[in-house]
Structure formats: structure tokens, C-alpha cells
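>>> Have a look; sequence and predicted model below, questions after that.
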Protein chains: 2
Amino acid sequence: MPHRLTPAQSMKLWHDVHLAQVHDDEPDLSVRQMSVLLTVYLEAPPHTVRGLAAKLKVTKPVITRALDSMGKLGLVSRRRDDKDKRNVLVQRTVKGVLYLERLGDLIGQTSETM
Amino acid sequence: MPHRLTPAQSMKLWHDVHLAQVHDDEPDLSVRQMSVLLTVYLEAPPHTVRGLAAKLKVTKPVITRALDSMGKLGLVSRRRDDKDKRNVLVQRTVKGVLYLERLGDLIGQTSETM
DNA sequence: GGAGAATGATACGGAACCGAAACAAACCTG
DNA sequence: CAGGTTTGTTTCGGTTCCGTATCATTCTCC
């Protein structure tokens, strides 16, 4: 990064991108869902329910529910761990990759207009 | 802005700030609530329910509910328009200013770490 | 002043989410 | 192999949010 965003630039960026999210047709993700999704896609696997809950400092049902709803949207998928069948491994999907690519582009594009 | 954020930088910024939002104690705002809040604070008044609904392209009850919930949190307040008593003018609050100052600082600070 | 338009709030039924607790399945350990 | 631990899901009661439709108040304009 060349230099730190000013508070005014930061708020305008936040505003414009959130507004774009409201305007598009896809359902809005909650802050927690977005955190789960980005963690899964940006950090190194494997990702388990327990690990995500610890990372976000939330309870496990929060992660289960987030995976349910984002799974319905096709943004992530689940697979049992063959090594330890108690674990669930959260997997990336093509749709999830595309979703986040679009988001990254949108943020970058918005940052340019400031 | 010196130059456009890359998609990778954008997603990392989004991730880190969302994670910080999940971690702190204040209740998370929905995407729509955040959009209303930032619109009220960044754009020129007056702000009416109808105007905000048009801006966000959502129905009026969405705005009414967002103002209800953020009003409970003290982030905005409402006042009847004396000139046209059908209108409700959305007002900024000290708490709202502080909330967004903290958000702007957080985003700026996070942008520095990339 | 009365009819219709405009504005914001409310009612309604349905869906999603919350935290806490209980639960089922798989593992571990003595 | 039996008891306890770990992991993820489900259940529970309660809250919030959704979109549509309706309502109450205020204004406009003839």
C-alpha cells in the first residue's frame, strides 16, 4: 500500500461499496458471514467449524448457520475429514471464487474514484 | 488516492475490518443499516425516509426499521420537519459521529498494514 | 373545505439469526 | 472396551428482519 487511507477516504470507500452491495441483486451477507467467507478464501486450509469459531470468537452454531446459508448460496461447501471424521472441512467453490473476485474488483474500482 | 487497490489488497482490507467488527462488542450493523448510516453522515442533509429509500433503492419500511434499530443504539435520531410535518428528518448524533470516526480510523489503520 | 396525493409508520406472516443447552457421532485413553 | 473428550449439529425460546399491504397524518389544489 502506498499510504494509509484518511478517515474520510475510508468512510467514502465503505459507503460506496456497501451501497453497491445493497443495489445489486445478490442477498447481502451479514458481517459474520462475510468474515467466514473471506477467512476461508484468504487463509490457508484446512478450515474447520471449530477453527473458524475460534478465529471469529463466536460460538460454533454461528459458524454452522453461516455455512448453511452460504452453502445454500453456493459460496462454500462442506466435506467430512477422512482422517478424523468428527471434523468438517470447509471447501471453496467456483461460485465463491467468482463472488469474491467481483467483490475485490468492486472495492478496487471504488478506491480509484476517490 | 495514490492508486487503485489490487483485488488482493481489497479483499484483505475487507476481511480485516469485518473481522474487527465481529470482534468488538458493539452489535454488527447490517449492510443496509451501514449504508443508511454512512449516507446520513456523508451526504448533505436533509435526509428523509423517502429520500433514503430512493437512494438505497429499498422500500420505506426498510428505512423505518433501520432508523428504529440505529435509533435504539443512539447512532441517529429523528425529528419532524416543521415546514412539512409529513417529513421526518434524520439527524446525526454525537454517538454516531464517534462511531464513524472509530470506523474510519480502523479502516485507515488497517489499510496501512497491507 | 373536501378529494386525492404524499409521507412515514404499523400490521402481518414468514424467514433468518442469536446464545445456551442438549445431542449424536467419532475419537482417545487407560 | 468403557468412560470421557472432542466435534459439529440440532433444539429451544426469543429477537430481528423481510416484503406487502394497510393505516394515520399532513399537504395540495381546485
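Received it, and whenever you're ready, just let me know what you need. What you see is a predicted model, and the numbers here were worked out from it, not measured in a lab.

>>> How about the residues of chain A by DNA strand D?
Applying CB under 7 Å from any atom of the strand, we find that chain A lies next to DNA strand D at A:48-51, A:60-61, A:63-65, A:67-68, A:78, A:86-88. (C-beta placed from N, C-alpha, C; glycine too.)

>>> Secondary structure element holding the residue most central in space within chain A?
Closest residue to the average C-alpha location of chain A: A:Leu37 at 2.6 Å, with CA atoms, centre = their mean. Taking DSSP states H and E as the criterion, A:Leu37 maps to helix A:31-42.

>>> and the next element down the chain from that helix?
helix A:49-56.

>>> wait, does that following helix contact DNA strand C?
No: judged by CB under 7 Å from any atom of the strand, helix A:49-56 makes no contact with DNA strand C; its nearest approach is 9.6 Å.

>>> And the contacts of that helix?
For helix A:49-56, contacts defined as CB atoms under 8 Å, 6 or more residues apart in numbering or on different chains pick out A:32, A:35-36, A:39-40, A:59-60, A:62-64, A:67, A:87-88, A:90, B:19, B:22-23.

>>> Filter the residues you listed down to the ones in helices?
Under the assignment DSSP state H, the contacts of helix A:49-56 contribute A:32, A:35-36, A:39-40, A:60, A:62-64, A:67, B:19, B:22-23 to helices.

>>> Check these for burial and list the buried ones.
Neighbour-count burial (16 or more other CB atoms under 10 Å in any protein chain shown) applied to the ones in helices among the contacts of helix A:49-56 gives A:Arg32, A:Ser35, A:Val36, A:Thr39, A:Val40, A:Val62, A:Ile63, A:Leu67, B:Leu19, B:Val22.

>>> Give me the helices and strands touching the top helix by length along chain A, please.
In chain A, with assignment by DSSP H, the single longest helix is helix A:94-112. Contact analysis of helix A:94-112 by 3 or more CB pairs under 8 Å, 6 or more residues apart in numbering or on different chains; DSSP states H and E lists helix A:7-23, helix A:31-42, helix B:7-23 as its packing neighbours.

>>> Who are the packing partners of the first one?
For helix A:7-23, the contact count by 3+ CB pairs under 8 Å, 6+ apart identifies helix A:94-112, helix B:31-42, helix B:49-56, helix B:94-112 as packing neighbours.

>>> Most remote residue from the middle of chain A, which is it?
Farthest-from-centroid check, chain A (CA atoms, centre = their mean): A:Lys83, 26.5 Å.

>>> That one in helix, strand or coil?
Put simply, A:Lys83 is coil when judged by DSSP: H, G, I helix; E, B strand; the rest coil.

>>> Report the separation between it and chain B.
According to CB to the nearest CB, to the nearest Å, A:Lys83 and chain B sit 28 Å apart.

>>> What's the per-residue pLDDT of that residue here?
Note on A:Lys83: pLDDT of 90.

>>> swap in A:Tyr99?
The per-residue pLDDT of A:Tyr99 was computed as 94.

>>> how near is it to B:Leu67?
30 Å (CB to CB, to the nearest Å).

>>> Please list all residues in contact with A:Ser69.
Taking CB under 8 Å, 6+ apart, one finds A:Gln33 in contact with A:Ser69.
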